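Colleague: 3D, please:
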Amino acid sequence: MDQRKGQAAGGGLVMYEELVYKLRHCNLYGEEPLHWVRIICDAAEAIEKLEAKNKELESKMHDSFTEHLLNQISRKEKQIDKLKVEKSKLEKELELVKAEMGEAVRDMEAIMWVSGEGCQICKHCIEIHKEPYVQYACKIESRGCDPKWRGVQGGKDD
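Modeller: Below is the predicted model:
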């Protein structure tokens, strides 16, 4: 009971428990009207306090949730920014690799043309026969050999 008095003095849970007890156990016909007016006023005050506390808690919950969402959004935006930077780096690297590959293919095709021995890796190469050794010829030789790299074997250029 001492704990209840301490809580009641602070206006805590005991106040509501006592009010509920009074509302459930008071004799409607045996009590003074003034006693009922006091209980009704106490009940109205308790409802107002509960509503105010509920609004306060809802506001705190809303603020906390909003802050949580804003933090999540901020973290995701930072991740997106990092990914954009990484994407930009990779796109530049890809462009460089494509340019280097194009230069390498052109150099290889020039070497194939100058040496005259690039048929095995030429796009226009055809196998003539295999015995006693493999011989190659250019299928466009009538127009003059224009060696083109055949691309990656087993790849999409094949």
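
Colleague: quick check: chain neighbours aside, which residue is closest to Cys26?
Modeller: In space, and not counting its chain neighbours, Cys26 is closest to Ile39: 6.7 Å by C-beta to C-beta, 6 or more residues apart in numbering. Every C-beta, even on glycine, is put in place using the N, C-alpha and C of the backbone.

Colleague: quick one: list the elements packing against the helix or strand encompassing Leu70.
Modeller: According to DSSP states H and E, Leu70 maps onto helix 33-115. Contacts defined by 3 or more C-beta pairs under 8 Å, 6 or more residues apart in numbering; DSSP states H and E place helix 33-115 against helix 13-25.

Colleague: which elements pack onto the helix it packs on?
Modeller: The contact analysis (3+ C-beta pairs under 8 Å, 6+ apart) places helix 13-25 against helix 2-9, helix 33-115.

Colleague: for these, which has the smallest mean pLDDT value?
Modeller: Ranked by mean pLDDT, the helices and strands packed on helix 13-25 bottom out at helix 2-9, with a mean of 41.

Colleague: about what we covered before: distance to Lys22 added to the helices and strands packed on helix 13-25, as JSON lines?
Modeller: Compiled in JSON lines, the helices and strands packed on helix 13-25 are given as follows (distance: least, C-beta to C-beta, whole Å):
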{"stretch": "helix 2-9", "distance to Lys22": "13"}
{"stretch": "helix 33-115", "distance to Lys22": "5"}
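
Colleague: want to throw those into CSV with distance to Gln153 and mean neighbour count?
Modeller: Below are these laid out as CSV (distance: least, C-beta to C-beta, whole Å; neighbours: other C-beta atoms under 10 Å):
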stretch, distance to Gln153, mean neighbour count
helix 2-9, 85, 11
helix 33-115, 14, 11
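
Colleague: tell me which of these lies nearest to Met15.
Modeller: Nearest to Met15 among the helices and strands packed on helix 13-25 is helix 2-9 (5.6 Å), distances taken as C-beta to C-beta.
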